[in-house]
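Enquirer: sequence and predicted model, in that order:
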Amino acid sequence: MLATLFAMLLRMDMRVSTGILDRILSIQQKLGIVKFTVGYQVHDQNKRDALVEQLGKIKSLTSKRNDLIHGRWGVSDDYPDHLIWAKNTFEPNIPRLGYDEAEFQRLIAKVREARHDLHMATVDLAMNAVPQVPPEPPGDASV
């Protein structure tokens with residue numbers, strides 16, 4: 001999703017934008033680069049603000065997303081209706097959280113909603129906000 005937005009903003013081939021962003025490991029840094037590019041390439045203030053807002057939503061969820069993906073999950077007889085999560089670490093006093101199904105589904109829905117919102121903002125950008133190549137100057141090009 002970010003590679004698509006980045007490619008559109010800079011009018012580059014998707015393979016190039018994907019290659020650039022794939023070399024950056026941190027999602028925070030990827031978001032920062034795309035946000036910086038939005039600031040320069042999207043001239044409509046409302047569209048720029050909307051994109052920056054969507055990127056902010058994604059940024060606010062990255063820590064929780066990383067915990068979900070990279071954490072340790074399990075079950076326990078002590079909490080039969082919960083998924084037990086622990087931070088992916090080797091520390092002996094690992095903090096643990098229990099998620100019932102509804103809490104877990106709400107968390108997944110937030111991540112999906114942010115992804116969808118960014119997708120819709122990207123589509124809107126493609127249709128309306130990406131700067132167009134300036135027209136050729138009028139007059140005889142042979143002069």
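Expert: Everything's here; your move.
Enquirer: use CA for all of it now, contacts and neighbours both
Expert: Fine.
Enquirer: quick check: phi and psi on residue 81?
Expert: Dihedral angles phi and psi of residue 81 (degrees, to the nearest 10) take the values phi -100, psi 20.
Enquirer: skipping its backbone neighbours, what lies nearest it in space?
Expert: residue 100 (6.0 Å; Cα to Cα, 6 or more residues apart in numbering).
Enquirer: which residues does that neighbour contact?
Expert: For residue 100, the contacting residues are 81, 82, 83, by Cα atoms under 8 Å, 6 or more residues apart in numbering.
Enquirer: gap between it and residue 73?
Expert: Distance, residue 100 to residue 73, using Cα to Cα, to the nearest Å: 13 Å.
Enquirer: joint contacts of these two?
Expert: Shared contacts of residue 100 and residue 73 (Cα under 8 Å, 6+ apart): residue 83.
Enquirer: tell me how far the most centrally placed residue in the chain lies from residue 41.
Expert: Nearest to the mean C-alpha position of the chain, by Cα atoms, centre = their mean, lies residue 58 at 4.7 Å. When distance is defined by Cα to Cα, residue 58 is 20 Å away from residue 41.
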